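S.K.: test case, fold it:
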Amino acid sequence: MSTSVIVLIVLAGIVIFGFMYVIGIFNRLVTLRNRYQNGFAQIEVQLKRRHDLIPNLVETVKGYMAHERETLEAVIQARNQAVGGLEQASGNPGDPEAMKNLGGAERALSGAMGRLLALSEAYPDLKASQNMQQLTEELTSTENKVSFSRQAFNDAVTEYNTYKQGFPPVTFAGMFGHSQDAGLLEFDSEAIAEPPKVEF
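M.R.: Numbering: from 1, shown residues only. Reported below is the predicted structural model:
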């Protein structure tokens, strides 16, 4: 076997190895992106459940707190903004601007809900209502699930960003459509430190 044939075989081997390595980088980027998109889908399910429970809570409270109209309207408005933020974010999970907007909308909703629940403490009949107790229990459970889902999503985003920014993936990420880092979903640290406590 001549030297030129051996050189060609070695070069072909290097090219094939390099090609397979680049394919591996591409596949890993796709896998990590799919993982964080799936993580966001789990958040979306829980946030939709939360958003669906809020009108029921407002209707339950409305009969007892008729003169607290401003608070009730603030909750509904914050809920509608959160729904809009979720729709925007679900169109492109990981988009930093969409995640920032969603985090802000959810933070505002948590604040409005906190004010509503604090006001409800002044109404003993409302506190004793079975419907109110059930709704607040479901909301607390949903808040816990949102927290766990958000943590899983943020872990997946961090893993994706870390891999994408490392070498050699950083040299190929842009060519494969992975030029932008995915954004974390951050709520107010106080709001996520622990779920809201509702005591009746």
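S.K.: helices along the protein, start to end?
M.R.: Using DSSP state H, the helices of the chain run over 3-62, 69-91, 96-120, 124-128, 130-165, 169-173, 189-193.
S.K.: check the gap between Gln165 and Val30 for me.
M.R.: 16 Å (C-beta to C-beta, to the nearest Å). Using the backbone N, CA and C atoms, a C-beta is placed for each residue, glycine as well.
S.K.: ah, wrong one, I meant Gln133
M.R.: 46 Å.
S.K.: tell me, how many residues neighbour Glu143?
M.R.: 20 (other C-beta atoms under 10 Å).
S.K.: over to the one 3 residues further on?
M.R.: Around Val146 sit 22 other residues, with neighbours defined as other C-beta under 10 Å.
S.K.: tell me how many other residues crowd the closest residue to it other than its chain neighbours.
M.R.: The shortest distance from Val146 to any non-neighbouring residue, by C-beta to C-beta, 6 or more residues apart in numbering, is to Gln46 (4.5 Å). For Gln46, the neighbour count with other C-beta under 10 Å is 19.
S.K.: equivalent analysis for Asp155, please.
M.R.: Asp155: 14 neighbours (other C-beta under 10 Å).
S.K.: run through the residues that contact it.
M.R.: Gly39 (C-beta atoms under 8 Å, 6 or more residues apart in numbering).
S.K.: what of Asp181?
M.R.: Pro96, Asn161, Lys164, Gln165.
S.K.: make it 6 Å
M.R.: Neighbouring residues of Asp181 by C-beta atoms under 6 Å, 6 or more residues apart in numbering: Asn161.
S.K.: do the same with Ala156
M.R.: Ala156 neighbours (C-beta under 6 Å, 6+ apart): Arg35, Tyr36, Gly39.
S.K.: where's it relative to Ala98, distance?
M.R.: Ala156 is 16 Å from Ala98, by C-beta to C-beta.
S.K.: in this structure, where is pLDDT below threshold?
M.R.: 188-200 (pLDDT under 70).
S.K.: hmm, try it at 90
M.R.: 1-2, 4, 56-72, 92, 94, 114-136, 177, 179, 186-200 (pLDDT under 90).
S.K.: okay, now the residue nearest to Lys164 when sequence neighbours are not counted: neighbour count?
M.R.: Using C-beta to C-beta, 6+ apart and skipping residues adjacent in sequence, the residue nearest Lys164 is Ala173, 4.8 Å away. Counted with other C-beta under 10 Å, the neighbours of Ala173 add up to 20.
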